[in-house]
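Q: after the sequence you'll find the predicted model.
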Amino acid sequence: MFSGSCRRPGNEYVTVALPESFSTLDTLTSTASDSAAERVRNLMFNSLIKKNENFEYVGDLASNIETSEDGKTITLTLRDGVKFHNGKDFTSADVKYTFDKLFESKGFKSGAFFDTVDGKQIPHISSLATPDAKTVVFVVGRPALKNQLLSNLVAIPIIGDGTVEQQKTTPIGTGPFKFVNFDQSQNTVELESFQQYFEGAPKFAKLRVKTVTDASGLQAELQTGGVDIAPAPSNLPPDTLKLLSENANLKVEQFDGSNIQYVGLNTTSAPLNNVKIRQAIGYAIDREKLIRELLSGQAKTASSILPAGSWAYSRGTQYAFDPEKSKQLLREAGYKNEPIKFKYSSGNAAFNSYSQAIQSSLTAVGLNVQIETLDPGTLRTQLAQGQFQMNTGVWIGGNQDPIFLKDLFTTGRIPVPGVACCNRSRYSNPEVDMLLEDAINAIDREKAKALYIQAWGIISNDLPLLPLWYPANMVVANKRIGNIKMNASGDWTFLKDITVN
């Protein structure tokens, strides 16, 4: 066991900073989305499928993926030599158990495997069979659901048969790091290298995940050696990152990111139920100036939820900075200075900085915007329940696949009790519902692309959500940490490959 924030000798220990607290160790049956918990999950678990550097679906715990001629049967061959942290061999029985518990829980992640038709949930998976210990066979309801299945499998951590209750307090996975201890009061997790990890054990013995939500606190921890590495430190303002790069013991590395920072707008809450007021918000924000002056160039302006590298990317309606157009739209909408509550997570200096700048821009065109900061857990609950008008946040990873447009913008994805994903804006447009359904069902990719582009054209004009920018993936680390290679998703999988001098 280790504690305190002093420098530890040798290369045995690495402390990584998490910029926001997380609500659970169990991301399989949880009822709410939690990006911080997902980062920790990536260290301890594997999924059947993962995305490569081109956002294509490839095997993780699966070594091979085969699709039947009719497109409805997907057969996964499982890797040999994979063990859980308790020493048990990984088999198809664990996959079956994981999905049984996922669907029994009716939690946040289970909703992605169903369509809602006339108020009823229709499952994507018709059957899940395990003909032998190394084979898992999914049958989906129609051929077009294959890609949606692969997309959804990325987020599902595979757990061992009989361990679901244990996952809440002492998680057991197959990942590169093994659970040791969780200090809930400090939101700190202690892990150790899993020596039997199928891709090779990490090159250091222990990893400590230390939650440091305060920007000045994280800066001090990095400077004093209490923290060795801070991946994607969203609570550190860009000017602080520049300052830290001048420290003799630290380095700051920048990688292109594909995650999306956004402003969400509740389309059912007056006055934001008026599309012209939502459009006025889009034209009132000078995103290029914010990136240049507040983010020190550590982001790229976004015109879509999808990253520019996606095969279905299109720009849609462009919201270039135009305050006069914004004012004109407000006049046309008959806006009468109704208050608009702007909510975001407390304790995040970077969010606070640009959110206040956005508030100032909106006030300048005549909008009555009032800021309210909440702790992350309370905010997640209120977003799921529709208790907000404006919010800002970041979607991590899911936005790389155009299927995510369905999750964010279709009527069937409006949150209901027990299902928190993902259409928080409560946007509903029957034409968009139909276009996205047809796009997902299209076997031909070019046809699907045209449908996705048409749908995004309508969505971006209706503006239930304003893409702001793709944040660069910044990493601050002690110079003793080497081989830092963060992918575009910004997840923590790279930590297993770092070296320590």
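A: The structure has been received and is ready for your questions.

Q: which ones are touching the most centrally placed residue in the chain?
A: Geometric centre of the chain, nearest residue: residue 396, 2.5 Å, by C-alpha atoms, centre = their mean. The contact partners of residue 396, by C-beta atoms under 8 Å, 6 or more residues apart in numbering, come to 35, 38, 259, 489, 490, 491. (C-beta placed from N, C-alpha, C; glycine too.)

Q: mind listing which of those residues are in helices?
A: 35, 38 (DSSP state H).

Q: just the closest of the contacts of residue 396 to residue 351, please.
A: Minimum distance to residue 351 across the contacts of residue 396 is 13.0 Å, recorded for residue 35 (C-beta to C-beta).

Q: setting the sequence-adjacent residues aside, check what's closest to the closest one.
A: Leaving aside its sequence neighbours, residue 35 sits nearest to residue 396 (C-beta to C-beta, 6 or more residues apart in numbering; 5.0 Å).

Q: pLDDT score assigned to the one you found?
A: Predicted confidence (pLDDT) for residue 396: 75.

Q: same thing with residue 96?
A: 98.

Q: okay, and it sits in which element?
A: Using DSSP states H and E, residue 96 sits within helix 92-105.

Q: ok, and residue 350, which helix or strand is that part of?
A: helix 349-364.

Q: what average pLDDT does stretch 217-231 get?
A: pLDDT averaged over stretch 217-231 gives 96.

Q: now stretch 413-425
A: Stretch 413-425 comes out at a mean pLDDT of 76.

Q: okay, buried residues for the helix holding residue 96 please.
A: 92, 94, 95, 97, 98, 99, 101, 102, 103, 105 (16 or more other C-beta atoms under 10 Å).

Q: nearest residue to the fourth one in space, please, no chain neighbours.
A: This points to residue 97. residue 161 (4.4 Å).

Q: what lines up beside the lowest-mean-pLDDT helix or strand in the chain in the sheet?
A: Here the helix or strand of the chain ranked lowest by mean pLDDT, DSSP states H and E is strand 114-117, holding a mean of 80. Sheet pairing for strand 114-117, assigned by DSSP bridges, gives strand 120-123 (antiparallel).

Q: what does the partner strand contact?
A: Against strand 120-123 from outside (C-beta under 8 Å, 6+ apart): 113, 114, 115, 116, 141.

Q: circling back: show the subsequent helix or strand relative to the helix holding residue 350.
A: Taking DSSP H and E, what comes next after helix 349-364 is strand 368-374.

Q: who are the packing partners of the next helix or strand after that following strand?
A: Next helix or strand after strand 368-374 toward the C-terminus (DSSP H and E): helix 376-385. Applying 3 or more C-beta pairs under 8 Å, 6 or more residues apart in numbering; DSSP states H and E, one finds that helix 376-385 contacts strand 339-345.

Q: and the strand it packs on, how far from the chain's centre?
A: 21 Å (C-alpha atoms, centre = their mean, to the nearest Å).

Q: tell me which strands and helices it is in contact with?
A: helix 349-364, strand 368-374, helix 376-385, strand 390-395.

Q: show me what counts as buried in the second one.
A: This points to strand 368-374. 369, 374.

Q: how about the longest one?
A: Along helix 349-364, these residues count as buried under the neighbour rule (16+ other C-beta under 10 Å): 349, 350, 351, 352, 353, 354, 355, 357, 358, 359, 361, 362.

Q: surely residue 171 meets residue 27?
A: No: the pair residue 171 / residue 27 is not scored as a contact, 9.1 Å apart, by C-beta atoms under 8 Å.

Q: show me which of the contacts of strand 120-123 are buried.
A: Buried among these by 16+ other C-beta under 10 Å: 113, 114, 115, 116.

Q: what's the closest of the helices and strands packed on strand 339-345 to residue 470?
A: That would be strand 390-395 among the helices and strands packed on strand 339-345, by C-beta to C-beta, at 9.7 Å.

Q: whichever helix or strand comes after that closest one - contacts with which helices or strands?
A: Per DSSP H and E, strand 390-395 leads on to helix 404-409 as the next helix or strand towards the C-terminus. Helix 404-409 sits against helix 430-441, helix 445-462, with contacts defined as 3+ C-beta pairs under 8 Å, 6+ apart.

Q: kind regards, and thank you for your time.
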